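Undergrad: Predicted coordinates and the sequence they were generated for:
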Amino acid sequence: MTIDSIDDVQNLLAGQGYVCGRALATVGFLSLKLGRPLFLEGEAGTGKTEIAKAIATALGRRLIRLQCYEGLDAASAVYEWNFAEQMIAIRTAEAAGGADRDLLRAELFTEDYLIERPLLQAMRPQPGGAPVLLIDEIDRTDEPFEAFLLEALSDFQVTIPELGTIRAPEPPIVILTSNRTREVHDALKRRCLYHWVDYPTFDREMEILHARVPEAADALTREVVAFVQRLRGEDLFKRPGVAETIDWAKCLLALDVVALSPEVIADTLGAVLKYQDDIQRLQGTEAQRILDEARAGLEGA
């Protein structure tokens, strides 16, 4: 499939149920056209990870995901040796007797005993073309890993001392995400095209819900979106993202709910809020107040 315009990107993503604005489609188009990594930053649940999944599925490419965490190092992200299998090979050679040590050492450090991690997998040729490499939540790692990643993304190659340098025959489509729990170094950002993924507007979130939960009645969809939009303006520990809006709509649909009420909201808050303090804050009259404000906003629209 050829992508020759920004509209092509929007249509491509829409085909996977991912609704995006012109600005995100533009930076996505440039990333694909120029072969530049795409750096997506924003609050959790705003659809950063989903865009990588949508692009991979739409293009028929393999999605390779590197989930970042504190303490992640280069070795864990690239490869490791299968020590258990190596030990079995050593014991087998010893039992057979007369094993040549140099020959055994050479045999142990071959690709037969190599466990490939996401970054090395992304450098390998894949059926259908270069894979989509999702480096998720890069802000969870530390600066040394960022420095290593900067080098790996510059040349799209990794080095394994026992095997040498492995270079990608075709650079992968790279998407990095960050929830901005800390600032990522400018040097890494400069290698990428950048976009801030914000919470959607009311109309955009309606489009998203119609695409992802099409079976929901329009009246309920409008109430859900209006309520969540109002909820994001409250003093919460963690504001709900688009992912929570979709989950909540699906839960309401499963319960055959046709309209929101304080009782329904209280029963299903665990789908939209993930911290007890936030849930506790909406007990009693608070849910009714926000619902009334949401409905008033719909009537005035």
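TA: Sure, I can see it.

Undergrad: how about the strands in the stretch 51-200 of the chain?
TA: Along the stretch 51-200 of the chain, the stretches classed as strands by DSSP state E, counting those that start in this stretch are 63-67, 79-81, 114-116, 132-136, 157-160, 164-167, 173-178, 193-196.

Undergrad: Mind giving me the packing neighbours of the third one?
TA: The one in question is strand 114-116. strand 79-81 (3 or more Cβ pairs under 8 Å, 6 or more residues apart in numbering; DSSP states H and E). C-betas here are computed from N, CA, C, even on glycine.

Undergrad: Quick one: residues contacting the residue most central in space within the chain.
TA: Ranked by distance to the mean C-alpha position of the chain (Cα atoms, centre = their mean), the top residue is Thr49 at 2.0 Å. Residues touching Thr49, when contacts are defined by Cβ atoms under 8 Å, 6 or more residues apart in numbering, comprise 134, 136, 177.

Undergrad: what about Ser261, how many residues close to it?
TA: 13 (other Cβ atoms under 10 Å).

Undergrad: where does the stretch 51-200 of the chain dip in pLDDT?
TA: By pLDDT under 70, the low-scoring segments of the stretch 51-200 of the chain are 97-102.

Undergrad: try 90 this time
TA: Counting by pLDDT under 90, the ranges of the stretch 51-200 of the chain that qualify are 73-76, 85-112, 126-128, 143-144, 147-165, 185, 187.

Undergrad: so where do the helices sit in it?
TA: Listed from the start of the chain, the stretch 51-200 of the chain has helices (DSSP state H, counting those that start in this stretch) covering 74-78, 83-96, 101-108, 118-123, 143-155, 186-190.

Undergrad: Now render the contacts of Thr49 as TSV, adding distance to Val242.
TA: Converted to TSV, those look like this (distance: Cβ to Cβ, whole Å):
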residue	distance to Val242
Leu134	18
Asp136	16
Thr177	14
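
Undergrad: May I have the phi/psi pair for Arg22?
TA: Here the main-chain torsion angles of Arg22 (degrees, to the nearest 10) amount to phi -60, psi -40.
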